[in-house]
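Visitor: 3D, please:
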Amino acid sequence: MGVHNSLAVYTGILKRLVVDIAVAYVTPIEYARDINKIDARIRAEGFSFLTKTLPILGKAFDKALQGDTPFTAVGFRKEAHRTTPKFLWWLFERVFDGYGYVRSDADIDAIRHLRQIFQLLYKLEIPHNEASTKKVLSSFVDVNGELSKLSINKSDAVIKRARVFITRVLSGLSPRDIIPRHGPGAVATGERGGAKASFSRLYEDLEVYYPFTEYMHLSVSHTVDLLHQLEALEVRKTGTAKVVLVPKDSRGPRLISCEPLEKQWIQQGQCKALYRHIESHRLTRGHVNFTDQSVNRHLALESSKTRRYVTLDMKEASDRVSLQLVEQLYSGTEWYQALVASRSGETRLPNGTTVTLSTFAPMGSAVCFPIEALTFYALVVSTMVVHLQWPWRKALANVWVYGDDIICCTEVYSTVIQQLERFGLLFNRDKCCVSGFFRESCGCDAYKGVDVTPIRLRKTWNHRAPHDAVQLQSYVEFSNSMYARGYRDVASYVEILVEHLYGAIPYLEHQEVASWEYDLSGHILKRRKHTLSSKERRCAPGRVIGFDRPDVSPYPRNRRKGIAYRFNKHTHRLEVKGYSITPVRKHWNVIGWEALLHSLNCGPTGLPNGVHAVPHRSRIKRTWGLA
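Guide: Here you go, the predicted structure:
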């Protein structure tokens, strides 16, 4: 069943969301007009009203929250003598004045509710059409061509300062001292699972810095025993990556570059070494992060109240870091030669066309994320030192980077944007939060110190897929999240929807877990308790998938549903019958040196030798788990 045939499900969720919100503001007669408007617009526009029209309205809303421009509702009939639409007027009037500017006493709850309605289905992973595919591929090719014509002066003051800084950061880390490993994603050469343990190609550019017998073999004995395989290796001058398109959101797909197996093996080792070193180095510790988004999220939350810092979002960030820029910044270290050696010099588009890459490493390369983050941090800090005459210590202390999410002081952002765009980089001006009280970084949307991040439904619904593990998991978590936010009608609707397809799903005991709160430098501040999230509950050992309802007593409700309980005499705990999700496993004939190399470098998987989980495939099964 296609996504468009599930339109009634998404419409039902949206209408119940509006009702959940409206009961606190207006009478049923007044919000009935909005429900009728939703029905009428969906009949006229179809699925695009949910995934395009409402998100466009949401973007205009977020832009107006910054305070510089009034809110204008394109495609909606406006109220008399106001710029806000008649649709949801009872929420808009609590946020904007008659001219469309944010009120000084804007209702933050109304802001949260409006953003929830606008972005509910914005991230829905719908199949992309041919037009959106061509647009994404065309943009990638155009950016690559633009970078090929880019000229960066190595004597530029910002470049020189940034190069010195990067040299100091990486001076204590040798790119040869890495532990290669396999990544979780697909590779351009087609190997999957256990088949990745067998290397069959030798790349001349990779061999210069990472000899095959040193980084693909464990020892001399390994080389001697498999000498016949070494002699049969296919020799290639460089690697060719492969472009694939994966669902991103309602606007279209995301472009990912799959790397060749042998190059990905080395890139993953480089990535882990860079992560560990940069996150612990005294010049970048706590300011350049790869594994923890909480620093940027906390800053966005605080800055939405104090307006001390701004959040900057880069456009096509990974595609716009050029090889030339990396050469200028990293040529003072060993890492430049190592990165070039492990890099794919060209990529193959879905239509079979091969493109020579001017981009350093598209998204999909394991070194894309650490290199772009360190590059952005070095350039921003150097800009502040060179053009604003800030001391190094002060500049380093006032910039934070997580991937392409940058946070810096309010007074410097215009200079930062101007300078970085000279090097082929580009900022998404509409998503840069530089004025007003709205800030957005690392998935945290904040207004005046309050988190106003909406819950987004990502997985499409298919009522003909009663064994779809991802769908079950996604919709149960969505129901739990909506219930926790107070949208009870939506949560109940999704609960009924899920149980109609999958059968009775148990209620689980509400849990709290202890955690630690950290400061911006990573030091522990205090111990605190928080409610176990849906993801934490799902990943907890011995638990089954279930609904989290803090105000519901699980045992009697589950018994009325006919759900079985038992007391496990071995673990001395009460267990409930429910679904759990397990990965699909497949056996590959991996033995000897190849199995040992995989085990030592990639770590234990908890599975028998030769058995590997198939990526992106899982299944559900009935089992006993914690109540």
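Visitor: look up how far Arg439 lies from Val470.
Guide: Per C-beta to C-beta, to the nearest Å, Val470 is found 32 Å from Arg439. The C-beta positions use only the backbone N, C-alpha and C, and glycine is treated the same way.
Visitor: okay, the two: which has more neighbours?
Guide: Arg439 (30 against 15; other C-beta atoms under 10 Å).
Visitor: from the rest of the structure, what touches the helix or strand containing that one?
Guide: Element membership of Arg439 [criterion: DSSP states H and E] is strand 438-441. Applying C-beta atoms under 8 Å, 6 or more residues apart in numbering, the contact partners of strand 438-441 are 62, 65-66, 296-297, 299-301, 303-304, 309-311, 313, 402, 405, 407, 431, 433, 445-447.
Visitor: and the next helix or strand past it?
Guide: By DSSP H and E, the next helix or strand past strand 438-441 is strand 444-447.
Visitor: in its sheet, what does that next one sit against?
Guide: Applying DSSP bridges, strand 444-447 is found paired with strand 438-441 (antiparallel), strand 450-451 (antiparallel).
Visitor: thinking again about what came up before, please put the alpha-carbon coordinates of the strand holding Arg439 into PDB.
Guide: Presented in PDB, the C-alpha positions along strand 438-441 are these (Å, rounded to 0.1, in the frame of the first residue of the first chain):
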ATOM      1  CA  PHE A 438      14.300  32.000  18.500                       C
ATOM      2  CA  ARG A 439      17.300  29.600  18.300                       C
ATOM      3  CA  GLU A 440      17.800  26.300  16.600                       C
ATOM      4  CA  SER A 441      20.800  23.900  16.900                       C
END
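Visitor: what's the average pLDDT for that strand?
Guide: The average pLDDT within strand 438-441 is 95.
Visitor: now find how far off-centre that strand is within its chain.
Guide: 16 Å (C-alpha atoms, centre = their mean, to the nearest Å).
Visitor: repeat that for stretch 35-52.
Guide: 28 Å.
Visitor: what does stretch 219-227 give?
Guide: For stretch 219-227, the distance to the chain centre is 41 Å (C-alpha atoms, centre = their mean).
Visitor: and stretch 145-154, by the same measure?
Guide: So, by C-alpha atoms, centre = their mean, the centroid of stretch 145-154 is 29 Å from its chain's centroid.
Visitor: please renumber so the chain begins at 5
Guide: Shifting the count to begin at 5 puts that one at stretch 149-158.
Visitor: domain parsing for the protein?
Guide: 7-128, 135-192+243-451, 480-630 (automatic domain parsing).
Visitor: export these to JSON lines and tack on distance to Lys463?
Guide: JSON lines is the format used below for the domains of the chain (distance: least, C-beta to C-beta, whole Å):
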{"stretch": "domain 7-128", "distance to Lys463": "8"}
{"stretch": "domain 135-192+243-451", "distance to Lys463": "10"}
{"stretch": "domain 480-630", "distance to Lys463": "8"}
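Visitor: please identify the deepest-packed of these.
Guide: Greatest average neighbour count among these goes to domain 135-192+243-451 (a mean of 19), per mean count of other C-beta atoms under 10 Å.
Visitor: quick one: end-to-end distance for it.
Guide: 36 Å (C-alpha to C-alpha, to the nearest Å).
Visitor: just put the strands paired with strand 448-451 in TSV and tack on distance to Val147.
Guide: Shown next, in TSV, are the strands paired with strand 448-451 (distance: least, C-beta to C-beta, whole Å):
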stretch	distance to Val147
strand 442-445	24
strand 454-455	34
